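In: structure, please.
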Amino acid sequence: MKRFTQLARDLTKRFRDDMRGIAAIEFALVVPLMLVMYLGTIEISAAVSINRKVSRIASTVADLVTQQTEVAKTDLKGIMEIGEALLFPYDSDKPVITIVAIDVESGYPKGGKVVWARRDYRGTFDNGGYVKNADIDVPKDLRINGSFLIRVDTSLDYIPIVHWLIGDTVGTVNTNGVGIIAMKERYYLRPRLGADIGCTDC
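Out: Prediction:
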């Protein structure tokens, strides 16, 4: 019995003093945390980059439109396609780009009225639901009587790289929008070469 007890003590001491397994245990505990931090860093940097591109689309499209004295639907389509190209190489979703020309008067109920509008809804071009002479909101600091504004709205549903972790199935996103980050930008500019910008066939 004493011999068995001594043997048990010796084995316990050897197990307690053996340090070879500690590194493996520490590695197993640390690796998941490191992977989460690594993937999180990649995801955050990608989202920030795409968000900056969404802002750049709005400013670039507004800048190109306000350099014109007159436009047509085909001109606006080309300008919006240029804006869309700024997202490259991200191609999981296409941006929705809306251009609205606004006649500004402080006497209008919302500060402005729609002159014309065009929208690129993921490759479908229409007026975006804006009706000519409909009231449209203009920020108070931009309500200068007799002025003209070009407003560009850009939106994008950013799909994270690891969206499949919360999707219904691998490679899809929940239909309720979980896992999608909605990115939006609005930009106002005044015409560069004249008092207003007309659209011949809008």
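In: would you map the strands across this structure?
Out: 70-71, 96-104, 111-121, 124-126, 135-137, 147-158, 181-189, 198-199 (DSSP state E).
In: which one, of those strands, ends up nearest to residue 29?
Out: strand 181-189 (30.7 Å; CB to CB). Bear in mind the C-beta positions are built from the backbone N, C-alpha and C, glycine included.
In: circling back: what would the strands of the chain look like in JSON lines with mean pLDDT?
Out: Below are the strands of the chain laid out as JSON lines (pLDDT from 0 to 100):
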{"stretch": "strand 70-71", "mean pLDDT": "96"}
{"stretch": "strand 96-104", "mean pLDDT": "97"}
{"stretch": "strand 111-121", "mean pLDDT": "96"}
{"stretch": "strand 124-126", "mean pLDDT": "92"}
{"stretch": "strand 135-137", "mean pLDDT": "97"}
{"stretch": "strand 147-158", "mean pLDDT": "96"}
{"stretch": "strand 181-189", "mean pLDDT": "94"}
{"stretch": "strand 198-199", "mean pLDDT": "95"}
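In: can you put the ones you listed in CSV and add distance to residue 79 and mean neighbour count?
Out: Below are these laid out as CSV (distance: least, CB to CB, whole Å; neighbours: other CB atoms under 10 Å):
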stretch, distance to residue 79, mean neighbour count
strand 70-71, 8, 18
strand 96-104, 8, 23
strand 111-121, 9, 21
strand 124-126, 11, 12
strand 135-137, 20, 16
strand 147-158, 10, 22
strand 181-189, 13, 16
strand 198-199, 12, 17
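In: out of these, which is closest to residue 10?
Out: Here strand 181-189 is closest among the strands of the chain (CB to CB), at 59.7 Å.
In: closest to residue 28 out of the strands of the chain?
Out: strand 181-189 (32.2 Å).
In: partners of the closest one, with directions?
Out: Strands that pair with strand 181-189, judged by DSSP bridges, come out as strand 147-158 (antiparallel).
In: save the strands of the chain as TSV, and put in distance to residue 31 too.
Out: Below are the strands of the chain laid out as TSV (distance: least, CB to CB, whole Å):
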stretch	distance to residue 31
strand 70-71	56
strand 96-104	41
strand 111-121	44
strand 124-126	46
strand 135-137	52
strand 147-158	28
strand 181-189	27
strand 198-199	58
